[in-house]
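J.: just to be clear, the model below is a prediction. Sequence and coordinates:
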Amino acid sequence: MKQQICILGSTGSIGTQALEVIAEHPDLYEAYCLTANSQVEKLAEQAHRFRPAAVVIADETHYDRLCTLLADCPDIKVYAGAQALCEVVEAEPVDTVLAAMVGFAGLRPAIHAIRAHKKICLANKETLVVAGELVMRLAQEYHAPVLPVDSEHSAIFQSLVGDHDNEIEKLLLTASGGPFLHHSPEQMAAVTAADALRHPTWDMGAKITIDSATMMNKGFEVIEARWLFGVPAEKIQVLIHPQSILHSAVQYVDGAVKAQLGVPDMRLPIQYAFSYPRRLHLSGERLNLFGRALEFYEPDTQRFPCLALAYEALRRGGNTPCVLNAANEVANLAFRNAQCSFLHMADVIAETMARVPFIQNPTLQQLFDTDAEARRVAAQLTDK
């Protein structure tokens with residue numbers, strides 16, 4: 001039986017590479033459903049090639065256009081809207097849900113998938129950043145495995161295989177450092193969105209690439225690691241590793257360090273999440289360490305305050321990580337739209353964290369309310 005996969009966010013970077021994995025192993029995997037927010041032309045193109053049972057376009061204004069583009073595929077059901085995303089992950093044939101949507105919008109369908117006992121291959125950072133404790137509790141309750149797709153968390157996961165019962169001394173979470181690793185504060189004050197979108201190593205979507213430049217992306221990964229692996233903030237260390245060859249590591253109480261290395265290719269962690277515990281052949285470049293120097297640096301949180309803000313949000317707990325995420329989404333978009341400077345993004349996030357009321361043990365509804373309030377506050381701050 002082929003594994004039936006629902007890809008939430010099939011037109012994004014992770015989604016398109018997941019389809020490459022499916023295409024490489026058509027005897028093992030099949031795309032049951034593909035979804036997108038607004039890239040209707042690309043979604044239709046993917047649907048023509050992979051012939052899923054269903055497609056969903058989240059932005060309902062594109063529904064008629066999608067129907068027209070797929071008029072020659074009467075066997076593909078076409079849906080639209082946020083509720084359709086939540087319903088399609090619950091479909092009985094679906095075995096695996098690849099959560100690759102970007103942003104807070106990915107939280108609700110991920111929860112629906114967990115409650116439907118699906119295997120979750122998690123690439124959406126916000127799901128655990130915003131509601132990590134709640135999501136992991138639900139995953140345990142509904143016996144829904146959550147497997148990491150982020151290259152760093154996949155590397156940690158792979159380094160834990162065979163050692164799950166051994167005590168962890170430290171998680172070593174690597175970061176490329178982004179395009180401004182060696183910039184002075186004066187240089188960083190003048191950077192534009194175009195500068196920030198030129199990532200030196202990874203090919204990612206615009207939002208995540210900006211987050212990488214500010215190191216908020218790494219801050220989110222620290223929060224994710226806390227919930228995925230049950231390790232407190234003080235045992236998660238970030239290492240700047242510009243070569244992006246060592247993807248992350250685990251240090252055990254005997255001092256031994258296990259790491260996963262490889263070329264920067266997101267297909268590997270995607271495929272491993274699909275195939276775990278098996279390893280399948282994957283075409284592409286192989287790692288050559290001859291003549292390669294591997295460098296590691298401590299991150300400078302003075303120049304990259306977003307990383308420090310993420311640690312602070314994790315230590316505060318409650319709804320603070322939700323505030324962090326919402327404020328960051330607003331500031332990130334404002335920067336891309338030239339409405340906020342690169343350095344001002346951290347100020348907006350910090351001020352929003354200070355203004356939004358703290359809730360120690362938020363319910364899911366309170367998290368949605370927190371998200372809305374934080375966005376309102378951050379939007380006011382970026383208007384200044």
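T.: Nice, thanks for sending it over.
J.: what sits against the nearest residue to Gly219 once chain neighbours are set aside?
T.: Nearest non-adjacent residue to Gly219, counting by CB to CB, 6 or more residues apart in numbering: Ala310, 2.4 Å away. No exception for glycine: its C-beta is placed from N, CA and C like everyone else's. Going by CB atoms under 8 Å, 6 or more residues apart in numbering, Ala310 touches 216, 218-220, 222-223, 321, 324.
J.: mind doing that once more with 7 Å?
T.: 216, 219-220, 222-223, 324 (CB atoms under 7 Å, 6 or more residues apart in numbering).
J.: and Ala82, by the same measure?
T.: Per CB under 7 Å, 6+ apart, neighbours of Ala82: Ala58.
J.: Arg303 now?
T.: So Arg303 contacts 185, 188 (CB under 7 Å, 6+ apart).
J.: assign it to helix, strand or coil.
T.: coil (DSSP: H, G, I helix; E, B strand; the rest coil).
J.: and the one 10 residues further on, by the same measure?
T.: When classified by three-state DSSP, Ala313 comes out as helix.
J.: helices of the stretch 51-200 of the chain, start to end?
T.: Secondary structure of the stretch 51-200 of the chain by DSSP state H, counting those that start in this stretch: the helices cover 63-69, 82-88, 107-115, 125-141, 151-160, 185-189, 193-196.
J.: same thing with the stretch 201-350 of the chain?
T.: Using DSSP H, counting those that start in this stretch, helices in the stretch 201-350 of the chain cover 206-214, 216-229, 267-275, 305-316, 320-336, 344-355.
J.: need the ones you listed in a markdown table (columns: distance to Leu128 and mean pLDDT).
T.: Below are those laid out as a markdown table (distance: least, CB to CB, whole Å; pLDDT from 0 to 100):
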| stretch | distance to Leu128 | mean pLDDT |
| --- | --- | --- |
| helix 206-214 | 15 | 90 |
| helix 216-229 | 5 | 96 |
| helix 267-275 | 15 | 98 |
| helix 305-316 | 11 | 97 |
| helix 320-336 | 9 | 96 |
| helix 344-355 | 18 | 97 |
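J.: tell me which of the ones you listed sits nearest to Leu70.
T.: Distance to Leu70, taken as CB to CB, is lowest for helix 267-275 among those, at 25.4 Å.
J.: only alpha carbons, please: show the closest one as CSV.
T.: Written as CSV, here are the backbone C-alpha positions of helix 267-275 (Å, rounded to 0.1, in the frame of the first residue of the first chain):
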residue,chain,number,x,y,z
ARG,A,267,14.8,16.6,0.4
LEU,A,268,16.8,14.4,2.9
PRO,A,269,14.9,15.4,6.1
ILE,A,270,11.6,15.4,4.2
GLN,A,271,12.2,11.9,2.9
TYR,A,272,13.5,10.6,6.3
ALA,A,273,10.3,11.9,8.0
PHE,A,274,8.2,10.0,5.4
SER,A,275,10.3,6.8,5.5
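J.: taking helix 151-160 as reference, get the angle to it.
T.: Between helix 267-275 and helix 151-160, the angle comes out at 60 degrees (axes from the mean of the first three to the mean of the last three CA atoms, to 10 degrees).
J.: would you confirm that His353 contacts Thr320?
T.: Quick fix: residue 353 reads Met, not His. Yes: at 6.3 Å, Met353 counts as touching Thr320 under the criterion of CB atoms under 7 Å.
J.: okay, and the common contacts of these two?
T.: With CB under 7 Å, 6+ apart, Met353 and Thr320 have common neighbours Ala313.
J.: looking at the contacts of Ala310, which has the most residues close by?
T.: Gly219 (33 neighbours; other CB atoms under 10 Å).
J.: and that residue, what does it touch?
T.: By CB under 7 Å, 6+ apart, the contact list for Gly219 reads 306-307, 309-311.
J.: which one of the contacts of Ala310 sits closest to Asn332?
T.: Met216 (7.8 Å).
J.: same list (the helices of the stretch 201-350 of the chain) but as CSV, adding distance to Thr96.
T.: CSV is the format used below for those (distance: least, CB to CB, whole Å):
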stretch, distance to Thr96
helix 206-214, 22
helix 216-229, 17
helix 267-275, 7
helix 305-316, 29
helix 320-336, 25
helix 344-355, 34
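J.: any idea which of these gets closest to Ala31?
T.: Ranking the helices of the stretch 201-350 of the chain by proximity to Ala31 (CB to CB) places helix 267-275 first, at 11.6 Å.
J.: which residues are contacting the closest one?
T.: Outside helix 267-275, the residues touching it (CB under 7 Å, 6+ apart) are 3, 14, 17-18, 20-21, 29, 96, 121, 147-151, 154, 158, 262, 280, 282, 284.
J.: then stretch 340-348?
T.: The set of residues external to stretch 340-348 that reach it, using CB under 7 Å, 6+ apart, is 188-189, 191, 196, 214, 305-306, 309, 327, 331-332, 334-335, 378, 381-382.
J.: coming back round to it: report the buried members of the contacts of helix 267-275.
T.: 3, 14, 17-18, 21, 29, 96, 121, 147-151, 154, 158, 262, 282 (16 or more other CB atoms under 10 Å).
J.: show me those that map onto strands.
T.: Secondary structure from DSSP state E places 3, 29, 96, 121, 147-148 of the buried ones among the contacts of helix 267-275 in strands.
J.: restricting to C-alpha, output the lengthiest helix in the chain in CSV.
T.: When the chain is scanned for its longest helix (criterion: DSSP state H), the result is helix 364-382. Extracted in CSV, the C-alpha atoms of helix 364-382 (Å, rounded to 0.1, in the frame of the first residue of the first chain):
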residue,chain,number,x,y,z
LEU,A,364,-6.4,27.2,22.3
GLN,A,365,-9.0,29.9,22.0
GLN,A,366,-6.9,32.2,24.2
LEU,A,367,-4.0,31.6,21.9
PHE,A,368,-6.0,32.7,18.9
ASP,A,369,-7.1,35.8,20.8
THR,A,370,-3.5,36.5,21.8
ASP,A,371,-2.4,36.2,18.2
ALA,A,372,-5.0,38.8,17.1
GLU,A,373,-4.1,41.2,19.9
ALA,A,374,-0.4,40.9,19.3
ARG,A,375,-0.9,41.6,15.6
ARG,A,376,-3.0,44.7,16.4
VAL,A,377,-0.3,46.0,18.7
ALA,A,378,2.6,45.2,16.3
ALA,A,379,0.8,46.8,13.4
GLN,A,380,0.5,50.0,15.4
LEU,A,381,4.2,50.0,16.2
THR,A,382,5.2,49.4,12.6
